[in-house]
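# Need coordinates for the following:
(one chain, ligands or ions: 1)
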Amino acid sequence: MYLKCENISFGYKKNSLVLDNVSLSLRSGEVLGLVGDSGSGKSTLCKILAGYENKYQGKVSLDGKEIPSKGYNPVQLIFQHPEKAVNPKWKMKDILNEGHNVPQEILDSFGIKKGWLNRWPNELSGGELQRFALARALGSETKFLIADEITTMLDAITQAQIWNTVLEIVKERNIGVLVVSHEKNLIKKLCHDVVYLKDVNRV
Ligand SMILES: Nc1ncnc2c1ncn2[C@@H]1O[C@H](COP(=O)(O)OP(=O)(O)OP(=O)(O)O)[C@@H](O)[C@H]1O
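Next up is the predicted model:
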């Protein structure tokens, strides 16, 4: 299976492009790094790939077909700040099982403790919340994971624990992963290949 974007051009403002004719292809089971200067449009491209932004030119496809806009999205996006992706008025157990029931074995592999399920999001650390975000995103229908700086705010040990778990799961399930990071060592350690996004506004 392939997740592809072809000739993507996009700007938030008229006459000002953030992405100019960008193409990228990610196959099942591949761990691909996406690097580039700050502001070059990496997060914007992630949003386009996961269907969060629709007003672009070009084509995004999953095995040559358009990604369905309704129902479970097989392309799941995880952000740097998990607290922004959760409803602060919901308990973690409700956030976790909003779209589908997350299997106990996924909770165990991310080290999610039973007691955390009854807490509010603001009663968890960034690392704990990110484990929830990943467990939720790795539903059985997930085919691709877009990881936008997901461990940037975490200490080295937590970062390693989280990535080890993610890599184990994606390998087992043949999920393709796009890893956005500024950390060269992390990219080198995790990724089979790397693409560089050029800043269109830099000469
Ligand atoms: N919602 C938005 N509205 C207007 N401009 C935006 C919006 N989001 C991002 N931008 C602008 O688009 C450009 C690309 O931003 P984006 O976050 O995609 O870059 P990035 O490569 O992920 O950067 P970083 O590495 O710093 O996270 C930046 O100039 C940014 O200011």
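# what about residue 155, how many residues close to it?
Counted with other C-beta atoms under 10 Å, the neighbours of residue 155 add up to 11. Quick note: C-beta positions are derived from backbone N, CA and C, even for glycine.
# what's the answer for residue 107, then?
By the criterion of other C-beta under 10 Å, residue 107 has 18 neighbours.
# for it, helix, strand, or coil?
Recorded secondary structure, residue 107: helix (DSSP: H, G, I helix; E, B strand; the rest coil).
# list the contacts for it?
residue 135 (C-beta atoms under 8 Å, 6 or more residues apart in numbering).
# Now do it against residue 73, distance only.
Distance of residue 107 to residue 73, computed by C-beta to C-beta, to the nearest Å: 21 Å.
# how about the residues of the protein that lie near the ligand?
Contacts of the chain with the ligand, taken as C-beta under 6 Å from any ligand atom, map to 12, 18, 36, 38, 39, 40, 41, 42, 43, 44.
# Quick one: the strands in this structure, in order.
Secondary structure of the chain (DSSP state E): strands located at 2-10, 19-27, 31-36, 57-62, 75-78, 144-148, 176-180, 193-197.
# Adding mean pLDDT and mean neighbour count, write those strands out as TSV.
Shown next, in TSV, are these (pLDDT from 0 to 100; neighbours: other C-beta atoms under 10 Å):
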stretch	mean pLDDT	mean neighbour count
strand 2-10	97	17
strand 19-27	96	17
strand 31-36	97	20
strand 57-62	97	16
strand 75-78	97	22
strand 144-148	98	25
strand 176-180	98	24
strand 193-197	96	14
